[in-house]
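>>> I'd like to go over a predicted model; first the sequence, then the structure.
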Amino acid sequence: MSASPHPSAGGPSCPASRRGLHRYAVFTAACTWLLLIAGGLVTSTDSGLAVPDWPLSYGLWFPPMVGGILYEHGHRMIAAAVGLLILGLAVWLANAEPRRWVRNLGYAALASVVIQALLGGLTVLWLLPPPVSISHALLGQGVFCLVVCVAWATSAGRMSQGELPLTVPVSGLLRPGAAALAASVAAQLLLGAIIRHTGLGFALHAAGAAVVAALAAGVVHALRGVSIPPSLRRHAWRLAALVALQLGLGIAAWLGGRHVGFRTAHVAVGALVLAQAVVLAARVFRETAVLGGRSLGAFVELTKPRLTSLVLVTTGIGYWLGLRSLEALLELPVVVGATALVAGGANALNQWAEREHDARMRRTASRPLPTGRLTPAAAHRFGWALMVSGVAVLAVRANPLAAAVAAASAASYLLVYTPLKRVSPLCTLAGAVPGALPPVIGWAAARGELGLEAWALFLVMFVWQLPHFLGIAVLYREDYARAGFRMLPLMDGGAAATARQTALYGLLLVPVSLFPAVIGLGDTRYALSALALSVAFLAVAVAASLARTIESARLLFRSSILYLPLLFCVLAAAKGGP
């Protein structure tokens, strides 16, 4: 008889332990919301620079709590407490939660709150640079959403449902509507952060509010007459009520000018709207099923959302670094969105081309094409439609150079990397080329030319991908072998070659990460930060090359995911402003 993953008396089989974990998650979510309110007070009262140092305040743990210091240092104290609570939540989940996806939510919340703390420090030390301040605001909302999702996942109702959907037939519009609602709320929070830190984008924010309201009404309407759990319908009505309240607060904040109460309440309720929208979308996708027809979720899966999200971030960083005026910042969503269409279309066509190989691998066998949820013809048309429309938008709204770079990225991914995976381990080098081009697309869209700075960004992305890819190749070597992909760890002497190259590329990343500072794209603060980050990543790469274990490869992979956004955030902050 096999043992339970968590056989202790306090494990998931113990109702008291489940209740305790859920209550702790709810308490942590409430404290995280309080942190967002404290952050809203800091910006609403213009207290962001009331304390010039970090993490201490005027060199003290407890300075006199007067004026702006009360808001800024109070915010830091609450942030420290929330960080400890989230650490405790992640540890509790690791020891008592059998479901990997729930544990991963806790780990993601912990990693995000660490990055959030670093961004908060950079915001103060670098005098409120807009990209860092905006990122700090958005990531705070993301941390809150993650903790709320953990609270939902550990609730008694969720635990009793297990992992099986209820397969309740619902309107074909419900799932895309719920997903679009969550995405539109997130976009609204992005625009709100841009307004708070740059003063730009009010008209777009107002238009977005109307879109959110329409989508919320549409989701509530799609749930009418459907035999779904009453809790799901109540959830949708709660969300609609919060949207209405948020609209009212937005109007009050606009009419009240710089009234602290209305502005802070608008931020706080916005966080609740986002969390409710995200959980509602998750519930709709997990607790219902569309009987007959194609699911929007299957088409979304074709775009490889996690990979596309990296494209969004790096394209946005490239655009910001190339920006010459704050007014052009309003074109950022268009550039990023169009690039996402190109990347998503290329990913869909990649899955179309590799559908037979995906069916042989455990980690890809559940994709839409191997499972038959979509036909190859539908996936082929969908991929081309996304890719062509993305290139066209870039050509019209940005410039032909940005469109050409995006087209070259997609072409190299589909015509070189994809077929080369079945021929040679050199596919890793080939695949790093399209993966390194998104920041170049962003730069080209902002400047209309490719200077040395654009190629410095390309070089950082290119070299970073190599140890990142090698870590993935080690983690999934058995899957790649079943699919017939010729990855380096599968070759004769591949283990030793993989180890050598992992250490070599980790070492090469140190000078490459400093290159932006050499050409003036980054300043001394960036150089010091890049050196510290790259040396730490080098240590992980060397350890992986020496250990040659699955665990060390997993640590390398996770470290690479943490390294890149930190490095690019520091580089973006070094710009300061257009």
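Yes, it's here.
>>> what number of residues lie near residue 351?
25 (other CB atoms under 10 Å). All C-beta atoms are positioned from the backbone trio N, CA, C, and that covers glycine.
>>> check the gap between it and residue 338 for me.
Using CB to CB, to the nearest Å, residue 351 is found at 21 Å from residue 338.
>>> next: residue 331.
Distance from residue 331 to residue 338, by CB to CB: 10 Å.
>>> identify the contacts common to those two.
Common neighbours of residue 331 and residue 338, using CB atoms under 8 Å, 6 or more residues apart in numbering, are 397, 398.
>>> helices of the stretch 201-350 of the chain, residue ranges please.
Secondary structure of the stretch 201-350 of the chain (DSSP state H, counting those that start in this stretch): helices at 202-222, 230-255, 260-287, 296-302, 305-322, 332-353.
>>> so which residues of this protein form strands?
In order along the chain, the chain carries the following strands (DSSP state E): 168-169, 288-289.
>>> quick check, residue 575 in contact with residue 318.
No. Under the criterion of CB atoms under 8 Å, residue 575 makes no contact with residue 318, lying 11.4 Å away.
>>> more neighbours: these two, which one.
residue 318 (32 against 21).
>>> which ones are touching the more buried one?
By CB under 8 Å, 6+ apart, the residues touching residue 318 are 438, 439, 440, 441, 442, 443, 445, 446, 454, 457.
>>> what is the neighbour count of residue 264?
22.
>>> quick check: closest non-adjacent residue to it.
Nearest residue to residue 264, sequence neighbours excluded (CB to CB, 6 or more residues apart in numbering): residue 40, at 4.1 Å.
>>> over to residue 174?
Residue 174 sits nearest to residue 222 (CB to CB, 6+ apart), 4.2 Å away.
>>> mean pLDDT lowest for which of the strands of the chain?
Lowest mean pLDDT within the strands of the chain: strand 168-169, a mean of 52.
>>> I figured residue 349 was touching residue 381, is that so?
No. Using CB under 8 Å, residue 349 is not in contact with residue 381; the gap is 10.2 Å.
>>> comparing the two, which residue is more hemmed in?
Higher neighbour count among residue 349 and residue 381: residue 349, with 22 against 13, using other CB under 10 Å.
>>> give the contact list for the more buried one.
Contacts of residue 349 were listed using CB under 8 Å, 6+ apart, and they are 379, 380, 383, 384, 387, 414.
>>> nearest to residue 175, of those residues?
The nearest member of the contacts of residue 349 to residue 175, counting by CB to CB, is residue 379 at 18.2 Å.
>>> surely that closest one touches residue 353?
No. The pair residue 379 / residue 353 is not scored as a contact, 9.9 Å apart, by CB under 8 Å.
>>> so the two - more neighbours on which side?
Neighbour comparison, residue 379 and residue 353: the larger count goes to residue 379, with 23 against 17 (by other CB under 10 Å).
>>> quick one: contacts for that one?
302, 348, 349, 351, 352, 355, 368, 369.
>>> residue 388 now?
When contacts are counted by CB under 8 Å, 6+ apart, residue 388 is found next to residue 345.
>>> tell me the confidence at it?
At residue 388, the pLDDT value in this model is 95.
>>> then the one 3 residues further on?
According to the prediction, residue 391 has pLDDT 96.
>>> quick one: the residue nearest the centre of the chain from residue 239, how far?
For the chain, the residue sitting closest to the mean C-alpha position, by CA atoms, centre = their mean, is residue 309 at 6.0 Å. The gap separating residue 309 from residue 239 is 24 Å, by CB to CB.
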